[in-house]
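Q: Sequence first, predicted coordinates after that:
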Amino acid sequence: DAGVIQSPRHEVTEMGQEVTLRCKPISGHDYLFWYRQTMMRGLELLIYFNNNVPIDDSGMPEDRFSAKMPNASFSTLKIQPSEPRDSAVYFCASSLRYGGQPQHFGDGTRLSIL
Amino acid sequence: SQQGEEDPQALSIQEGENATMNCSYKTSINNLQWYRQNSGRGLVHLILIRSNEREKHSGRLRVTLDTSKKSSSLLITASRAADTASYFCATDEVIQGAQKLVFGQGTRLTINP
């Protein structure tokens, strides 16, 4: 079975540029999560969707961040404009339910903003 | 908010020894999960223990949960080099009416051959 697929795996870009991260969840999973991982702050939940609808975006750091899920098999996380402090590893995860179920993570996108 | 706090932050042992990692949390939980993260990879779910369970086993993994002390431990027996990774506990938490799975900072485990 294919797991959660993220692209790109690595992204290096200059500050001010728009960055788009992509995620394909596991088929049949109703929940999709976007996380950010840094050494200083650990793993932070940015936003999650249930059946393609954003449920909680309180973790999104600023208006520069936006996320969409146009259908059950695709989600994007966009940063515009990007800043050096956005450099981190961004993970997408999916699960059947929220609570009492494991989350399945992709291998992440390592983002470097110069 | 940081719900799960792992201890120790780093652990280095010899292959074949047992490794024990601890997790403490602050509020009531429905369940607690443990995840492993290999370098450069995503988190992988290891085991879930519900609040009404005290111990759970999966292969060489043993997890305990003490809700009175708000703590959990993960024991890896007969460690192998491939067990080298970071290990995270995660707890369900309701923050401002929204349910969230909150991860601790993790324990970096190194198994020396």
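A: Yep, that arrived. Numbers count the residues shown, from 1 in each chain, chains lettered A, B, ... in the order given.
Q: quick one, longest strand in chain B?
A: As assigned by DSSP state E, the longest strand anywhere in chain B is strand B:85-95.
Q: which residues of the chain score low on pLDDT?
A: All of this refers to chain A. Within chain A, the segments meeting pLDDT under 70 span A:1.
Q: you looked at the wrong chain, it should be chain B
A: B:1-4, B:95-99.
Q: mind running it again at 90?
A: Within chain B, the segments meeting pLDDT under 90 span B:1-7, B:26-30, B:92-102.
Q: Do you have the strands of it handy? List them.
A: B:5-7, B:10-14, B:19-24, B:31-37, B:43-50, B:55-58, B:61-66, B:71-76, B:85-95, B:98-103, B:107-112.
Q: Residue A:102: which of the ones you listed is closest?
A: With CB to CB, the closest approach to residue A:102 among the strands of chain B belongs to strand B:43-50: 3.5 Å. For the C-beta atoms, the positions are set from N, CA and C on the backbone; glycine is no exception.
Q: Could you name the helices and strands sitting against the closest one?
A: Under the contact criterion of 3 or more CB pairs under 8 Å, 6 or more residues apart in numbering or on different chains; DSSP states H and E, strand B:43-50 touches strand A:104-105, strand B:31-37, strand B:55-58, strand B:61-66, strand B:71-76.
Q: Let's see that with 6 Å instead.
A: If you count contacts as 3 or more CB pairs under 6 Å, 6 or more residues apart in numbering or on different chains; DSSP states H and E, strand B:43-50 packs onto strand B:31-37, strand B:55-58, strand B:61-66.
Q: near chain A at all, the longest strand of chain B?
A: Yes - applying CB under 6 Å from any CB of the partner chain, one finds strand B:85-95 in contact with chain A at residue B:92.
Q: and that strand, which residues are buried?
A: B:85-93 (16 or more other CB atoms under 10 Å in any protein chain shown).
Q: Now flag whichever of the residues you listed is closest to residue B:31.
A: Of the buried residues of strand B:85-95, the one sitting nearest to residue B:31 (CB to CB) turns out to be residue B:92, at 6.0 Å.
Q: If you drop the residues flanking it in sequence, what lies closest to the closest one?
A: In space, and not counting its chain neighbours, residue B:92 is closest to residue B:30: 5.0 Å by CB to CB, 6 or more residues apart in numbering or on different chains.
Q: repeat for residue A:83
A: Closest residue to residue A:83 apart from its sequence neighbours, by CB to CB, 6+ apart: residue A:15 at 5.5 Å.
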